[in-house]
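Student: let me see the structure of the following:
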Amino acid sequence: MPMKLVVKVVETAAIIAALVFVIMLFANETGGEESPGAAIYSNSCASCHGVDGSGGLGPALAGEVTANFPDVADQITFVSEGLGIMPGFGDQLSDDELRQVVEYTRSLEG
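Tutor: Numbering: from 1, shown residues only. Next up is the predicted model:
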């Protein structure tokens, strides 16, 4: 095999490997389809309650929220209206979005 052909084969294989690597990075970026509630949580809640709901500036939600709000409607009202340092999101999120983010926080495991 002539040397130029070997170099071409190696270059082509390297390019294909790099493309596969980049595609896999983007395919794995979100870990699959993100629920609407998870996306809302990421944008509106994670900065205070932590990416995984473990707390930070705001209290932990993971494994805690269902004990504090056994009734989903009470939690939706709380998220909508806020209280104390917790801002209300009723003017930023639709009723459907409020329900989605509340359902998402109730699924977080502590």
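Student: tell me how many other residues surround Gly58.
Tutor: Look at Gly58: counted by other CB atoms under 10 Å, it has 15 neighbours. No exception for glycine: its C-beta is placed from N, CA and C like everyone else's.
Student: again, but for the one 5 residues further on
Tutor: Taking other CB under 10 Å as the criterion, the count of residues near Gly63 is 12.
Student: and if you look at Leu93?
Tutor: 17.
Student: where does pLDDT dip in this protein?
Tutor: Applying pLDDT under 70 to the chain picks out residues 1, 17-33.
Student: residue ranges of each domain in it, please.
Tutor: 1-32, 34-110 (automatic domain parsing).
Student: out of those domains, which one sits most buried?
Tutor: When those are scored by mean count of other CB atoms under 10 Å, the highest mean neighbour count falls to domain 34-110 (a mean of 15).
Student: what residues does stretch 81-98 touch?
Tutor: Stretch 81-98 is contacted by residues 36, 40, 44, 58, 76, 78-80, 101 when judged by CB atoms under 8 Å, 6 or more residues apart in numbering.
Student: if you set the cut-off to 10 Å instead, what comes out?
Tutor: 36-37, 39-40, 43-45, 48-49, 57-59, 75-80, 99-101 (CB atoms under 10 Å, 6 or more residues apart in numbering).
Student: quick one: secondary structure of the nearest residue to Cys45 once chain neighbours are set aside?
Tutor: Closest residue to Cys45 apart from its sequence neighbours, by CB to CB, 6 or more residues apart in numbering: Val101 at 6.8 Å. Classification of Val101 using DSSP: H, G, I helix; E, B strand; the rest coil returns helix.
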